[in-house]
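Colleague: My questions concern the predicted model and sequence given below.
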Amino acid sequence: MRQELLSLPKGLAEEVSKNLVMVARLIDEDPEQAYAYSRIALRLASRVAAVREAAGFAAYATQKYSEALAEFRAAKRMTGSVELWPVMADCERGLGRPERALAMAGEPEVQKLDKAGQVEMRLVAAGARRDQGQLDAAIVTLQSPELASNSVQPWTARLRYAYADALLAAGREEEAREWFAKTLEADKDGATDASDRLAEIDGVEFVDAAVEPADDVDLREDDEDDEDDEDEDAAEIAAAERAADVTEYYDEDDEEYESLEQSAADADADADAEADKG
């Protein structure tokens with residue numbers, strides 16, 4: 001990417017670079033904001049392949065699949081690389097065209113992908129099979145040397161998870177449980193929810209012990225204490241309000257000014273006078 005940006009004037013290259021950095025930083029936590037930054041970079045340098053690719057991934061993250069596919073195609077034309085082939089096929093799935101994704105899985109470009117790209121293409125193809133309701137075909141698609149291998153690679157957890165999920169969807173619960181467990185072994189970073197899926201299969205229900213009262217605690221005493229506290233709080237609030245009324249600032253030069261203490265004293269005097277008259 002750095003080499004591509006060197007083709008731009010220095011000031012422009014710095015501005016584009018800043019926006020691309022923000023895209024990378026926000027694409028997982030705030031895809032919409034990342035997309036906004038990608039559009040700025042795209043307006044500034046639409047002829048840079050790295051910019052088109054970043055714009056494609058930002059659009060993909062916000063499920064703008066048609067736009068993402070157009071950007072990925074542009075980046076592929078500029079670079080001649082097939083690296084984006086799997087995500088382009090997944091865009092076809094997102095557009096409701098699983099048959100096109102499957103067609104792409106059979107194209108010569110797949111053979112030019114590295115191992116990670118080929119595994120990704122297999123995942124996309126299996127997803128396309130599921131889109132078409134072909135669960136057994138999806139399961140067969142995922143069966144591969146990479147799935148059977150005991151070595152853990154960056155793609156291992158996702159591949160095992162997809163296989164377990166397809167087995168479960170096909171009603172093969174015992175096998176699914178086994179592969180969710182294998183997923184958990186490979187998923188050191190917690191990228192999947194394999195542990196939750198295992199718990200669901202096993203019927204384990206997690207309860208927050210903090211909200212469960214102990215059996216030997218008398219809640220009536222706590223309720224009474226709470227009521228006393230509420231009464232005290234209410235009395236304190238009322239006293240504070242009265243104090244605030246008394247100490248409220250007034251302009252004593254104002255003809256209408258009359259302090260609350262004086263008003264209370266006058267009221268008492270009037271009451272005594274009425275009593276004398278009686």
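Modeller: Right, received. Where do you want to start? Numbers count the residues shown, from 1 in each chain.

Colleague: Output the below-cut-off pLDDT ranges for the stretch 101-250 of the chain.
Modeller: Applying pLDDT under 70 to the stretch 101-250 of the chain picks out residues 206-250.

Colleague: try 90
Modeller: Across the stretch 101-250 of the chain, the ranges flagged by pLDDT under 90 are 189, 203-250.

Colleague: So which residue is smack in the middle of this structure?
Modeller: Nearest residue to the geometric centre of the chain (CA atoms, centre = their mean): Glu29, 6.0 Å.

Colleague: Could you measure from it over to Asp187?
Modeller: Per CB to CB, to the nearest Å, Glu29 is found 20 Å from Asp187. Quick note: C-beta positions are derived from backbone N, CA and C, even for glycine.

Colleague: Same question for Glu173.
Modeller: Distance of Glu173 to Asp187, computed by CB to CB: 20 Å.

Colleague: Of these two, give the one with the bigger neighbour count.
Modeller: A direct count of neighbours by other CB atoms under 10 Å for Glu173 and Asp187 places Asp187 higher, at 20 against 11.

Colleague: Verify the contact between the more buried one and Ala157 for me.
Modeller: Yes - Asp187 lies in contact with Ala157 (CB atoms under 8 Å); the separation is 3.9 Å.

Colleague: burial of Val21, as a residue count?
Modeller: Using other CB under 10 Å, Val21 is surrounded by 13 other residues.

Colleague: Helix or strand for it, just tell me which one.
Modeller: Assessed by DSSP states H and E, Val21 sits inside helix 10-26.

Colleague: Can you identify the element that follows the strand or helix carrying Glu92 toward the C-terminus?
Modeller: Following DSSP H and E, the helix or strand that holds Glu92 is helix 85-94. Per DSSP H and E, the first helix or strand lying C-terminal to helix 85-94 is helix 98-105.

Colleague: tell me which residues in that next one are buried?
Modeller: Neighbour-count burial for helix 98-105 flags Pro98, Arg100, Ala101, Leu102, Met104, Ala105 (criterion: 16 or more other CB atoms under 10 Å).

Colleague: I figured the fifth one hits Ala89, correct?
Modeller: Yes - here Met104 reaches Ala89: they are 4.2 Å apart, a contact under CB under 8 Å.

Colleague: before we move on, back to that, mind listing the shared neighbours of Asp187 and Ala157?
Modeller: Common contacts of Asp187 and Ala157, defined by CB atoms under 8 Å, 6 or more residues apart in numbering, comprise Ala194.

Colleague: Need the residues that contact stretch 193-202.
Modeller: With CB under 8 Å, 6+ apart, stretch 193-202 has contacts from 157, 161, 164-165, 168, 173, 176-177, 180-181, 183-184, 187, 205-206.

Colleague: Filter those down to just the ones in helices.
Modeller: Within those, membership in helices is found for Ala157, Tyr161, Ala164, Asp165, Leu168, Glu173, Ala176, Arg177, Phe180, Ala181, Thr183, Leu184, as judged by DSSP state H.

Colleague: Weed out the non-buried ones from those residues.
Modeller: Buried by 16+ other CB under 10 Å: Ala157, Tyr161, Ala164, Asp165, Leu168, Ala176, Arg177, Phe180, Ala181, Thr183, Leu184, out of the ones in helices among the contacts of stretch 193-202.
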